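>>> Build me a model from this:
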Amino acid sequence: MTFVYGGGETNIDKKTGIRYGVIHQSSVGDKWFDEAQFEARDDPFVDTEDYDGWGVPWDPPDDDDVMYYKDDDYTATSGSDGDIFIVRSPFYTLCEFCSPCAPGAGYILNEGGVKAYCFGHEWFDSDIAPYKVFKVGSDEPIS
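Prediction:
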């Protein structure tokens, strides 16, 4: 029997099979702080039909307040612990599972073999992500 973090059902986009990516705010460039919105705990994604990949809005962390970013390409949220969950992106990286803090998600700064959504190069001050970036769908490396 093979052990799969989150039973293979947690923190994953069921349409693509790509895991949600996790990265700390301090590892991302100023774009997160410049463009993410701050909102009280009422779920800012409640009207998004395909947010979690199977038609049910994903529930952000149980914090009083969250920061979130949503546009045509990305959906990401962060609670008071400073971890950003990337739950939709045109890009992914290959990383290790993020456990036990987020079973089934991928910690995108640790290289490994799990596909997890990530931010593209433009999210970092140097315009170079600290991990390998691939295009969802084509698996093309983005340099």
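
>>> Would you point out which residue is most central in the chain?
Nearest to the geometric centre of the chain sits I86, at 1.5 Å (C-alpha atoms, centre = their mean).

>>> Can you tell me the element that one falls in?
strand 83-88 (DSSP states H and E).

>>> helix or strand right after that strand?
strand 91-97.

>>> Now do the strand holding I86, average pLDDT.
In this model, strand 83-88 has a mean pLDDT of 95.

>>> dump the residue contacts of the residue nearest to the centre of the chain.
Listed by C-beta atoms under 8 Å, 6 or more residues apart in numbering, the contact set of I86 reads 20-23, 74-76, 108, 116-119. For glycine as for every other residue, the C-beta is placed from the backbone atoms N, C-alpha and C.

>>> Same check on A129?
93, 118-121, 123.

>>> Could you do S78 as well?
25, 32, 36, 61, 66-68, 84-85.

>>> Ok, P90 next?
Residues near P90 by C-beta under 8 Å, 6+ apart: 73-74, 120, 135-136.

>>> From these, list just the buried residues.
Burial by neighbour count, judged by 16 or more other C-beta atoms under 10 Å, picks out 74, 120, 136 from those.

>>> so of the contacts of S78, which ones are in helices?
W32 (DSSP state H).

>>> filter the contacts of S78 to the buried ones?
Burial by neighbour count, judged by 16+ other C-beta under 10 Å, picks out 32, 36, 66-68, 84-85 from those.

>>> Just give me the least confident of the residues you listed.
Among these, V66 has the lowest pLDDT, at 80.

>>> My guess is L109 contacts C95. True?
Yes: applying C-beta atoms under 8 Å as the test, L109 and C95 come out as touching, 7.3 Å apart.

>>> other SSEs contacting whichever strand or helix holds A116?
Here A116 sits within strand 114-117, counting by DSSP H and E. Helices and strands touching strand 114-117, by 3 or more C-beta pairs under 8 Å, 6 or more residues apart in numbering; DSSP states H and E, are strand 21-24, strand 83-88, strand 91-97, strand 106-111.
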